[in-house]
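Colleague: Next comes the sequence, and after it the predicted model I'd like to discuss.
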Amino acid sequence: SAVISQKPSRDICQRGTSLTIQCQVDSQVTMMFWYRQQPGQSLTLIATANQGSEATYESGFVIDKFPISRPNLTFSTLTVSNMSPEDSSIYLCSVGETGPNTEAFFGQGTRLTVV
Amino acid sequence: GIQVEQSPPDLILQEGANSTLRCNFSDSVNNLQWFHQNPWGQLINLFYIPSGTKQNGRLSATTVATERYSLLYISSSQTTDSGVYFCAGVNTGGFKTIFGAGTRLFVKA
């Protein structure tokens, strides 16, 4: 299974600022995803990070708010822009492969508090 | 898209008790998985179980894909089993993992 390192593990940020979260994988992977988990809720997919092209966003998420980069097959970043207290959540990076029988793995998450 | 429903939403157990968590999923699903999220927020892979039965220590899981459900069994529960258990799946032909709402488990000493 892939080893996924996510940084930072937690942060407290002022409203109106931006935070960039990094996700590093120890091997090349086809698929990388970013999820948000609001307090007491389940995980919601933000976007699929595509290597060398723009990310594919899910309904309700936009690039201006959550810009994503994926410069290669082992690394991706998610930026939470112009933060408000409603952005306080756990953000998780996930990796997987295409195909019918593959398992998804997750980073340890970034716990973000916006004050 | 697929829908993933979990029950019960909350569960309180006395240490040593057994329990069964259920996951119902719509449409055809590949890559059915069970996760445990610990109090620190880390998501731990428990089982990758598109079909059949698997066991790992006190935990076991069964997926009946034709009837679109999966069960997670916890035997002789311990306080360290507390947390949220998520079921998740990927729709056939897709690649995005969709999560159920979770079962919040608290095991009392």
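Modeller: Structure received. Please read these numbers as outputs of a predicted model, since none were measured by experiment.

Colleague: partners of the helix or strand of chain A with the lowest mean pLDDT, with directions?
Modeller: In chain A, no helix or strand scores lower on mean pLDDT, DSSP states H and E than strand A:105-106, which sits at a mean of 92. When pairs are called by DSSP bridges, strand A:105-106 turns out to pair with strand A:89-96 (antiparallel).

Colleague: Could you confirm B:F47 falls within a strand?
Modeller: Yes - counting by DSSP: H, G, I helix; E, B strand; the rest coil, B:F47 falls inside a strand.

Colleague: looking at it, it is touching B:G57, isn't it?
Modeller: No - between B:F47 and B:G57 there is no contact under Cβ atoms under 8 Å: 11.5 Å. No exception for glycine: its C-beta is placed from N, CA and C like everyone else's.

Colleague: So for these two, which sits in the more crowded spot?
Modeller: Using other Cβ atoms under 10 Å in any protein chain shown as the criterion, B:F47 and B:G57 rank with B:F47 on top: 21 against 7.

Colleague: List the residues that contact the nearest residue to A:G107 once chain neighbours are set aside.
Modeller: Using Cβ to Cβ, 6 or more residues apart in numbering or on different chains and skipping the chain neighbours, the partner closest in space to A:G107 is A:Q6 (3.4 Å). The contact partners of A:Q6, taken as Cβ atoms under 8 Å, 6 or more residues apart in numbering or on different chains, are A:21-24, A:92-93, A:107-110.

Colleague: Please report the confidence value the model assigns to A:Q6.
Modeller: Looking at A:Q6, its pLDDT is 96.

Colleague: Just the C-alphas of the helix or strand encompassing it, formatted as PDB.
Modeller: According to DSSP states H and E, A:Q6 maps onto strand A:4-7. Taking C-alpha atoms only, strand A:4-7 is exported to PDB below (Å, rounded to 0.1, in the frame of the first residue of the first chain):
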ATOM      1  CA  ILE A   4       1.000   9.100   2.100                       C
ATOM      2  CA  SER A   5       2.400  12.100   3.900                       C
ATOM      3  CA  GLN A   6       0.300  15.100   4.400                       C
ATOM      4  CA  LYS A   7       1.500  18.500   5.700                       C
END
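
Colleague: re the thing from before, what about the residue nearest to A:G107, distance to B:D10?
Modeller: Separation of A:Q6 from B:D10 (Cβ to Cβ, to the nearest Å): 28 Å.
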